[in-house]
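J.: One predicted model, sequence on top.
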Amino acid sequence: MFTKEWKAIFTNKKLLISIIAILFIPLMYAGMFIYAFWNPYGHLENLPVAIINNDKGAELNGEELQLGKELVENLQEENNFDYYLVDEKTGYDKLENKDYYMLIEIPANFSENATTIMDEQPKKLALNYIPNEGFNFLASQIGNSAVNEIKASLQENVTETYAETIFDNLMKMADGFQSANDASEELLNGAESLDEGTGTLKENLALLAENQVTFSEGTSTLVSGSKELASGVQSLHDGLGQLTDASSQLVDGANTAKSGATDLKDGINQVDAGLATLEDKLEAAVAGSNQLEAGSQQLADGLHQLQAGTDEASQGATEVKNGVATLQQQLAPLIASLPEENQAALNAALQQLSEGTAALEAGNQQIASSTTVLADGATDLSTNISTLSDGQIALKNGVSELHNGSSQLKTGVDQLLTGQNQLASGLQTFSNKLMEAYSGSDKLLTGAEGLTSGAEKLESGSTELADGSNKLANGATELKEGTEELTDGASEFHDQLNDAAKDSEDVNPNESTYNMFANPVDLNKDAINEVPNYGTGFTPYFLSLALFVGALTFTVIFQVRDPQGVPKTAFSWFLSKTSVFVIVGIIQALLASGLLLVVMDLQVKSVPLFIGFSIITSLTFIAIIQLLTTTMDNPGRFLAIIILILQLTGSAGTFPLELIPEPLQAINHFLPMAYSISGFKEVITNGNFSVMWSNATVLLSVMVVCFVLTAIYFVFKFKKTYKAGNVLLPEGTEES
């Protein structure tokens with residue numbers, strides 16, 4: 001039995017050929033599918049995609065930003081699609097006409113939004129992606145993946161731009177810190193100069209204090225001399241009082257000595273000579289007193305000038321103290337920003353400066369107080385000397401009158417002779433008193449000399465004090481220059497830090513900023529002819545496949561050639577067979593479309609047109625398979641399977657036509673399923689019924705041609721099998 005089966009196969013060539021052909025069906029099916037879909041993603045550069053660049057550019061940190069242009073250049077350089085840079089109208093028109101599978105639109109504010117990263121509410125870069133899902137659903141899915149890759153690449157570029165900007169700002173901050181460092185060096189130099197000036201000021205203040213001691217000693221000497229002068233003046237005053245008494249006695253004696261004119265004459269001559277001498281001495285004393293009065297007046301004036309200078313010095317010291325206090329206040333925030341060791345050093349220097357200026361102010365106040373006392377003493381001295389001078393003048397006038405009187409006494413020498421002895425005694429007393437006056441004059445001279453010495457010391461001390469004040473002024477000048485340098489450095493340092501602070505204040509990161517930095521690009525998908533799900537997207541392909549397989553399967557159980565009787569005519573034979581095919585094809589189309597519409601809830605643009613196009617597609621496939629199986633039987637079925645395999649891979653029902661091998665692209669226009677898939681896409685998702693009717697026309701044309709060829713076959717078959725007049729009907733059959 002086993003050998004008989006194999007013998008029957010090998011002895012029946014027709015069966016053997018059919019079996020051999022069937023053996024190649026898996027190979028053809030698998031081989032064709034693998035060949036067609038071996039690497040469709042390797043041909044993405046053939047997939048036409050439109051790019052519309054409306055980006056107007058922007059400016060970021062002084063640099064021009066053209067992200068849209070850069071994106072276009074990068075995409076064209078990467079060549080992952082067949083990109084076409086077009087205007088907006090052309091792009092959308094050709095997308096509708098299926099010249100492009102998708103469109104990428106770059107908005108006008110694309111680059112501008114990239115500059116808003118530091119804003120409180122940054123705006124993401126929007127990239128509009130418009131696929132024509134109804135054209136090819138799988139192409140739109142490929143486009144989704146590709147656009148996400150574009151988004152990732154774009155985000156990388158934008159993040160790189162942000163990173164470059166950040167590092168540029170960091171470099172600027174580094175420059176700012178360098179400038180701040182330079183300013184801090186200037187601040188340090190100023191502080192050193194201030195320290196040196198403070199040292200100089202300290203030395204000069206010490207010298208001023210030392211000179212102040214000398215000045216005090218001179219004033220003490222002046223006070224002592226003035227005391228001695230006052231004592232001498234007092235003695236002179238006493239002596240002059242006694243001289244007045246003696247003069248009275250002399251007058252009495254002269255009255256008594258009237259009788260001794262001769263002796264009186266001699267005495268008067270002596271008195272006259274003595275009075276002349278005394279008058280000369282008194283003249284010199286008056287001149288010395290005048291000089292002493294002028295000197296004391298100059299001394300008083302000098303002391304008043306010294307007092308004014310001391311007041312100015314005290315005021316300057318107060319201003320220095322106030323300036324140092326102001327400087328401390330202005331430097332306080334700056335010192336607080338310095339390192340702790342620098343803060344301690346600078347605070348110590350400022351404290352030392354503050355203490356020095358306080359000591360200077362106290363010293364100047366003490367000098368001013370002492371100078372005031374000294375000036376008051378000088379004023380009193382000048383007054384006393386003036387009184388002394390007046391007394392000397394009065395004495396001189398008295399002596400002159402005495403001298404005149406003595407001359408008059410010469411005429412009364414006779415009357416004075418009797419009082420010669422008394423006059424001699426009075427003159428002796430007068431001489432003694434004059435000696436006491438002379439002694440008082442010596443003391444007055446000594447006091448005047450002491451006063452002169454004290455004045456000289458005072459003058460020397462004043463000179464040294466002036467020198468010390470000059471040195472203090474120079475030190476204050478150096479201190480001022482150092483302070484100005486310190487102020488300039490601090491100001492520059494403050495400006496640099498202020499600029500850095502302002503730049504830092506401009507940075508207000510929030511969650512939006514972080515999100516913008518991490519994900520700066522938004523994809524806005526706005527598909528045309530949108531396909532809601534995979535089932536809808538693949539319905540045109542699988543429905544066409546189902547109708548073709550249904551037609552092919554029907555021929556397995558249905559006798560496509562042998563009639564159920566003897567046909568009267570070839571047309572009746574053809575019509576009887578075709579009617580069954582047509583009815584089965586219509587029912588298959590109605591069942592498939594009904595299941596999709598009712599059970600699967602398939603959403604279509606027009607239910608009647610969808611059902612109608614399903615019937616046209618089914619009848620077209622019925623007509624093709626009827627022709628092949630009627631004319632060639634099993635070889636026809638084998639050929640139908642080959643056509644099915646070619647249609648499954650070459651009809652662009654899955655991957656876009658541009659992604660399959662070129663030989664399959666070449667036969668696409670000859671495959672009926674290519675037109676059925678295109679028509680189903682229009683009636684299900686696209687809604688372009690004119691395109692659907694165009695595809696329906698092609699299918700109807702194929703259907704008509706196949707029916708006509710099948711009818712012709714039946715004509716020839718009828719003539720060959722059933723000749724007129726020679727028909728012998730089998731038993732049990734009827735003529736049809």
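T.: Cool, got the structure.

J.: Count the neighbours of Val708 for me.
T.: Val708 has 13 neighbouring residues, counting by other C-beta atoms under 10 Å. The C-beta positions use only the backbone N, C-alpha and C, and glycine is treated the same way.

J.: Spell out the secondary structure type for it.
T.: Assigned with DSSP: H, G, I helix; E, B strand; the rest coil, Val708 falls in the helix class.

J.: So for it, what pLDDT did the model give?
T.: If you check Val708, the pLDDT there is 97.

J.: got it, and Asn128?
T.: 91.

J.: ditto for Leu188
T.: 65.

J.: what does Ser425 give?
T.: Predicted confidence (pLDDT) for Ser425: 70.

J.: Same question for the one 4 residues further on.
T.: According to the prediction, Thr429 has pLDDT 69.

J.: Poorly predicted segments of the stretch 1-150 of the chain, please.
T.: 33 (pLDDT under 70).

J.: For it, which segments count as strands?
T.: Secondary structure of the stretch 1-150 of the chain by DSSP state E, counting those that start in this stretch: the strands cover 48-53, 58-60, 63-65, 82-85, 102-106, 125-131.

J.: Can you lay out those as CSV showing distance to Asp562?
T.: Shown next, in CSV, are the strands of the stretch 1-150 of the chain (distance: least, C-beta to C-beta, whole Å):
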stretch, distance to Asp562
strand 48-53, 52
strand 58-60, 80
strand 63-65, 79
strand 82-85, 54
strand 102-106, 53
strand 125-131, 52
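
J.: Quickly compare those strands and say which is most buried.
T.: Of all the strands of the stretch 1-150 of the chain, strand 102-106 carries the top mean neighbour count, a mean of 24, counting by mean count of other C-beta atoms under 10 Å.

J.: returning to that earlier point: what's the closest of the strands of the stretch 1-150 of the chain to Thr477?
T.: Between Thr477 and the strands of the stretch 1-150 of the chain, the shortest gap by C-beta to C-beta is with strand 63-65, which sits at 49.5 Å.

J.: Do a quick rundown of the strands in the stretch 451-600 of the chain.
T.: According to DSSP E, counting those that start in this stretch, the strands that the stretch 451-600 of the chain contains are 521-525.

J.: Can you check what pLDDT the model gives Val607?
T.: 97.

J.: can you tell me which residues contact it?
T.: Leu597 (C-beta atoms under 8 Å, 6 or more residues apart in numbering).

J.: any idea how far Val683 is from it?
T.: 9 Å (C-beta to C-beta, to the nearest Å).

J.: And for Ile660?
T.: 24 Å.

J.: More neighbours: which of the two?
T.: Shown here are Ile660 and Val683; by other C-beta under 10 Å, Val683 has more neighbours (27 against 23).

J.: and that one, helix, strand or coil?
T.: Relying on three-state DSSP, one would call Val683 helix.

J.: these two touch, right, it and Lys605?
T.: Yes - shown here, Val683 and Lys605 form a contact pair, counting by C-beta atoms under 8 Å, at 5.8 Å.

J.: joint contacts of these two?
T.: Shared contacts of Val683 and Lys605, counting by C-beta under 8 Å, 6+ apart, come down to Phe689.

J.: Give me the domain ranges for this protein.
T.: Residue ranges for the domains of the chain, per automatic domain parsing: 197-506, 531-721.

J.: hey, least reliable of those by pLDDT?
T.: domain 197-506 (a mean of 68).

J.: can you give me the helices in the stretch 451-600 of the chain?
T.: 511-518, 534-557, 570-594 (DSSP state H, counting those that start in this stretch).

J.: nearest to Glu312, of these?
T.: Using C-beta to C-beta, the helices of the stretch 451-600 of the chain put helix 511-518 closest to Glu312, at 62.0 Å.

J.: helices and strands around the helix or strand harbouring Gly267, which ones?
T.: Assigned by DSSP states H and E, Gly267 falls within helix 261-336. Other helices and strands packing on helix 261-336, by 3 or more C-beta pairs under 8 Å, 6 or more residues apart in numbering; DSSP states H and E, are helix 340-411, helix 413-416, helix 420-506.

J.: Recalculate using a threshold of 10 Å.
T.: helix 137-256, helix 340-411, helix 413-416, helix 420-506 (3 or more C-beta pairs under 10 Å, 6 or more residues apart in numbering; DSSP states H and E).

J.: Which residues does stretch 146-155 contact?
T.: 41, 44, 47, 49, 67, 70-71, 74-75, 78, 80-81, 102, 104, 106, 110, 124-125, 127, 129, 131, 139-140, 143, 517-523, 525 (C-beta atoms under 10 Å, 6 or more residues apart in numbering).

J.: residues of that stretch that come out buried?
T.: Ala146, Val147, Ile150, Lys151, Ser153, Leu154, Gln155 (16 or more other C-beta atoms under 10 Å).

J.: Equivalent analysis for stretch 529-540, please.
T.: Asn529, Val531, Thr536, Gly537, Phe538, Thr539, Pro540.

J.: Now it - C-alpha only, PDB.
T.: In PDB, the C-alpha atoms belonging to stretch 529-540 read as follows (Å, rounded to 0.1, in the frame of the first residue of the first chain):
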ATOM      1  CA  ASN A 529      -6.200  61.400   8.700                       C
ATOM      2  CA  GLU A 530      -5.500  60.200  12.200                       C
ATOM      3  CA  VAL A 531      -5.700  56.500  12.900                       C
ATOM      4  CA  PRO A 532      -6.900  55.700  16.400                       C
ATOM      5  CA  ASN A 533      -5.300  52.300  16.900                       C
ATOM      6  CA  TYR A 534      -3.300  49.600  15.200                       C
ATOM      7  CA  GLY A 535      -6.400  47.600  14.300                       C
ATOM      8  CA  THR A 536      -7.800  50.500  12.300                       C
ATOM      9  CA  GLY A 537      -4.400  51.100  10.700                       C
ATOM     10  CA  PHE A 538      -4.000  47.600   9.500                       C
ATOM     11  CA  THR A 539      -7.600  46.900   8.600                       C
ATOM     12  CA  PRO A 540      -7.100  47.800   4.800                       C
END
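
J.: Any chance of the backbone angles for Glu120?
T.: phi -60, psi -40 (degrees, to the nearest 10).

J.: ok, which pair from the buried residues of stretch 529-540 is furthest apart?
T.: Checked with C-beta to C-beta, the buried residues of stretch 529-540 reach their widest spread between Asn529 and Phe538, with 14.8 Å between them.

J.: wait, is Asp601 part of a helix?
T.: No - applying three-state DSSP, one finds Asp601 to be coil, outside a helix.

J.: and it, what does it touch?
T.: Gly535, Thr536.

J.: and it, how far is that from Phe542?
T.: For Asp601, the distance to Phe542 equals 16 Å [C-beta to C-beta].
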